[in-house]
Structures are given as structure tokens and as C-alpha cells.
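Student: got a structure for you, letters missing:
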């Protein structure tokens, strides 16, 4: 009922752990699979280890979750051990994630990770939290998206998904640029740029001043990005951003997502949010008479294009 | 109630626990349990986890040893200055009725165990309060524990400057060997250096007694999101499913006593 295929990879359900949440260790990702996720995305890795920003790196409340971790990771060589450990513990699909400050860095990482047992490679062109270090994210430039996608495709046999940012006015155009350059999928969205100020402390809460907003506040933004991209590209979309309920996930799929990324929901509903969300998806599918997810994928576009759909 | 947005609380009082540990007091009803922790934010510096050493329902205290830049900065703070507190977080020590507790503290790991001993006063449980340190001036909560009628205090120092000359776990072994004289079921509660904790777990397994251990791992978020404190192979998060785990769970942590991960996620051997 919930099984999905994307880029030739089989998923037991459409929920994918989003990159940056619980994805540091193989065992941590294994537990997410045990908690009901269909697949996991590892935390983005770079060539060299990075300690990330000092704390506070995360702060959450009822409406939003804000983070500026600063892409901490142990570097690709150490991450390889975690990837292998995950594959010893679980047969579920693993999505690798890489980021670099330069085009050449991305190419070297892609070449390196190509030998590792990942099922799909996500290319993180869109982290908003390392601005001063790397200038603006590549995901803000059509030219950069095109070039890096093309370069990486030449170096890896793995299917690649380009992770885009909601901090642009033309995400559909950027998705088109990635598709034209050979991308196999799009992951959208990364977090939207934001900040929080503690009134009593009279200063920003995040040590990095600003960060990325996820959680419920991101959901309607992400949903529109997915909706817009679905009209622009033919490649599948991993719809990510603020999904916390089964209804959110179904709306994402109706907007056009093939898989649904889940991250901050772990904060809102616990690590078993994956099980809770899949149960809610099944309940709604049963009550709405939806037999499989292909039946409803992108259906919100059809209803808007005046195709006759009877709702009983 | 868990506070995830920083409470900017003024330091109400600072007291000296021993030659290097100070307790920072806050007049706030945190409603925490022994073994839980708070994240303490010094704006502009950093935010780190600290276990709660005192909570009487009206105010709470954090007993801190100045080891790094963050805690050293805190030591420069005057009474009245505000710092950011979030929490309380994490799984606490079990507080059970009619048991015999052997609490095992090493160095500044004693933090939550004085608080635990106090909470056990109302439970009809008895306590052998074992504290170890390198030298006598680094012992924590000896006076506090001695005031409690249900508690017997045992001391060990590495240099023999006070109490047993050697490891605190030597005392624990002796107590366990004598356990048949007690009518209550024994439970070990440990907090301290990891290799001491591993020795306590081995004793719990050898003598087949219950055991709660507070295990420390590098934490960033404290709320179960970042994955920094997930342990091999189960992947449980020590900020959420821990820091206190029972014997069964501790036995599943294959990295316990072997390695941990630094802030990049790289493995570091003990």
C-alpha cells in the first residue's frame, strides 16, 4: 500500500529521514529504520572533519525549529565506517549526503563516496548556515547548480538528488537546471533562513546569529516549492520540510512528491514519529479509499487543471 | 514541564563544595529528578549540559568543576547575573521504595548522586554512599550524605589521603559480598569516569544485581534531534533514552568503556 520506487530503489514506505537529523552514526540511523522510516539520509559529510558552531545550535518551540549546527561531521573517511555499519545493521535504503565549498570539492567527494554502499547520493547545495565561510549557497545560482550536477554525474554511477533551497524566488527554474544537467531527483527543501532573539538576553539565541527554520512553520513553504517544481520537471521529488503528520505527508505527495522527508517531526512527536505518520497515512488512505500512493501523486495539479475528479 | 526556550535566570547564590567545585543556585521550581540535566547557556560563549545536583522544589543547584572555557567563564559570573537554562532533560535514576542502594560516585560525577540520596529519604530505602576521588580535597557531598539518617558514607581516594587507599569500586565489591546480610534487594547507581562505571556494570553483572548508570556522551541539542549522542549498536540517544540507563540497556552499549565520539562525530578511544 505504501511502497514506492525512486530511481530504481525500492522503499517500503515513502518516509525518509531528512539529512541533519539523527544521521551522524550508523546505529542512530538503524534505530530510525526500526522506528518506522522507509529510508534514511545521513548527515552531510565533507572531505575533512568539521566541529561545527558552538552551542546553542538548535532551539525549538511549538511553531518552528531553528538550527545552525554548522555542518559538523567527522569527514568522509570516518563517515564511511558509519555507512558500512548501517548496512551491516539494516537492509533499508541509505541516502548519502555530501557538501563542499568548491566545485572541485564536490567532485572529489562524489568520486570517493561512489565506492561506498549508498543507494542514492544527495548533493547538499543549499545549507544556509555556513554563509560567511563559503559565500552564498550554490543553490542560489542556476549556473552553479548546472555545473556541479554535471560534474558529479560524470564521477558517480549512483543516482543523484540535488537538494535545493527555499530561499530563492525561482526554485522551479533551479530544479529545471538540475534536471537538464542530468540530476536523477530533487530533494526540496532545505531549511529557510531565519533567526530568533531572546528578549531577556537581548541577543540572538543561535551562536551563529541566524540559522535554518524547519518544523510546522516550514511546511506551507516547502509544499509550494514541491508544487511548483512538479510542474517544471519530470524527475522525482523528495518533498521535505515541516512534515509532522500523515495529512502533511499526503499533501506533499498530492503536490507531487515521490518520497517525503521527515526531520523536525522527531522533535515534535518523538523518534517513533515515523510509525505514527505512516499509521496516519494508512488511516486516511483507508477512509478516503486511496489504494496506493501512485493514484494520488500530483493529483492536486489535476484538480486545479479542471480535470473532473469526483469526491464522494 | 520541560523548558526548551531559554529561561534567563539570575544566579541566586554561589557556594563552595570542595577545593574546585562550586554550586550555582537558581531560585526556580525546575521540578527535576536526580540524574536529569539542564543545558546552561552563557550568551556569546557556549551552551553545555550539566547534571542537576540539588532540587528542593523551590530552587535548584548545579555543582560545577571548572574544566573548560565554558565552565571557567561561568566561574567569573557574579550573583545576580543571568544565564540561560533549558530543560530539565533526560531519563533519571530510578527512585524505588524498600531497596538497598549502593551509589558509586567518582570525582565530580557525584553531581546527581547526592540529590538521589536525598530523594531516597522518603522511600524507606537505605543507601551505601560510596565516593571516590583522586585526593581528599576533591571529594564531593560527603558532609551532605553524612547528615542523612538512611545513608552510610564510604570514602576512597587514589592517594590514600582519606578513606580507602584505592578505587571506590573496591568498596563496592566488599559491600556486594556482604549483601546477603541485607534483606532488601540491592541496586547500584553510578556516575563518574566511564572506566569506573564500566567496572560497576561488571560488578552488577557478576553479582546479578540491578544497576542504573549515568553515561556521558558529547551532546549538542539535548532534545534528541542531532544524533550526536547515539551509541553503538542500538542507536539510542543518551540525551533522551539516557543519560541514566539500566543494566540491561548498558549491556547493549558495545562502545561503553571502549570509545566515544567527539563533536565532529569521530570515534575517540578511552
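Tutor: Received it, and whenever you're ready, just let me know what you need. Small disclaimer: the values here were computed from a predicted structure and weren't measured.
Student: Which residues are in contact with the nearest residue to residue A:218 once chain neighbours are set aside?
Tutor: Once flanking residues are discounted, residue A:218 sits nearest to residue A:242: 3.7 Å by C-beta to C-beta, 6 or more residues apart in numbering or on different chains. The way it works is simple: take the backbone N, C-alpha and C, and place the C-beta from them, glycine included. Going by C-beta atoms under 8 Å, 6 or more residues apart in numbering or on different chains, residue A:242 touches A:214, A:215, A:216, A:217, A:218, A:219, A:220, A:221, A:222, A:248, A:264.
Student: switch the cut-off to 7 Å
Tutor: Residues near residue A:242 by C-beta atoms under 7 Å, 6 or more residues apart in numbering or on different chains: A:214, A:215, A:216, A:217, A:218, A:219, A:222, A:264.
Student: Any idea how many residues pack against residue 89?
Tutor: Looking at chain A here, since you left the chain open. Neighbours of residue A:89 under the rule other C-beta atoms under 10 Å in any protein chain shown: 19.
Student: wait, I meant chain B there
Tutor: Neighbour count of residue B:89, defined by other C-beta under 10 Å: 23.
Student: so where's chain A uncertain?
Tutor: Applying pLDDT under 70 to chain A picks out residues A:129-135, A:307-312.
Student: that older thread, could I get the contacts of residue A:242 as JSON lines with secondary structure and neighbour count?
Tutor: Listed next are the contacts of residue A:242 as JSON lines, based on DSSP: H, G, I helix; E, B strand; the rest coil; neighbours: other C-beta atoms under 10 Å in any protein chain shown:
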{"residue": "A:214", "secondary structure": "strand", "neighbour count": "32"}
{"residue": "A:215", "secondary structure": "coil", "neighbour count": "24"}
{"residue": "A:216", "secondary structure": "helix", "neighbour count": "19"}
{"residue": "A:217", "secondary structure": "helix", "neighbour count": "19"}
{"residue": "A:218", "secondary structure": "helix", "neighbour count": "26"}
{"residue": "A:219", "secondary structure": "helix", "neighbour count": "19"}
{"residue": "A:222", "secondary structure": "helix", "neighbour count": "26"}
{"residue": "A:264", "secondary structure": "coil", "neighbour count": "30"}
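Student: Return the closest of those with respect to residue A:177.
Tutor: residue A:222 (19.4 Å; C-beta to C-beta).
Student: hang on, the closest one packs against residue A:237?
Tutor: No: counting by C-beta atoms under 7 Å, residue A:222 does not reach residue A:237; the two are 10.6 Å apart.
Student: List the buried residues for the helix or strand where residue B:206 lies?
Tutor: Element membership of residue B:206 [criterion: DSSP states H and E] is helix B:194-207. Across helix B:194-207, burial judged by 16 or more other C-beta atoms under 10 Å in any protein chain shown covers B:194, B:196, B:197, B:198, B:199, B:200, B:201, B:203, B:204, B:207.
Student: for these, which one is nearest residue B:186?
Tutor: Closest to residue B:186, out of all of those and judged by C-beta to C-beta, is residue B:207, at 7.8 Å.
Student: Now the closest one: closest residue in space that isn't a chain neighbour?
Tutor: residue B:176 (4.6 Å).
Student: do residue B:129 as well
Tutor: residue B:145 (4.3 Å).
Student: And that neighbour, its phi and psi?
Tutor: With angles defined as degrees, to the nearest 10, residue B:145 sits at phi -70, psi -40.
Student: On the three-state scheme, residue A:279 is what?
Tutor: The three-state label given to residue A:279 by DSSP: H, G, I helix; E, B strand; the rest coil is helix.
Student: Neighbours of it, how many?
Tutor: Neighbours of residue A:279 using other C-beta under 10 Å come to 13.
Student: Can you tell me which residues in the stretch 201-312 of chain A are near chain B?
Tutor: A:201, A:203, A:205, A:266, A:267, A:271 (C-beta under 7 Å from any C-beta of the partner chain).
Student: can you pull the contacts of the last one?
Tutor: Applying C-beta under 7 Å, 6+ apart to residue A:271 gives the contacts A:31, A:35, B:224.
Student: Enumerate the residues of the stretch 1-150 of chain B near chain A.
Tutor: Within the stretch 1-150 of chain B, the positions adjacent to chain A are B:4, B:5, B:6, B:8, B:41, B:43, B:46, B:47, B:48, B:82, B:84 by C-beta under 7 Å from any C-beta.
Student: Surely the second one is within a helix?
Tutor: Right, the one you point to is residue B:5. No: counting by three-state DSSP, residue B:5 falls outside a helix, being strand.
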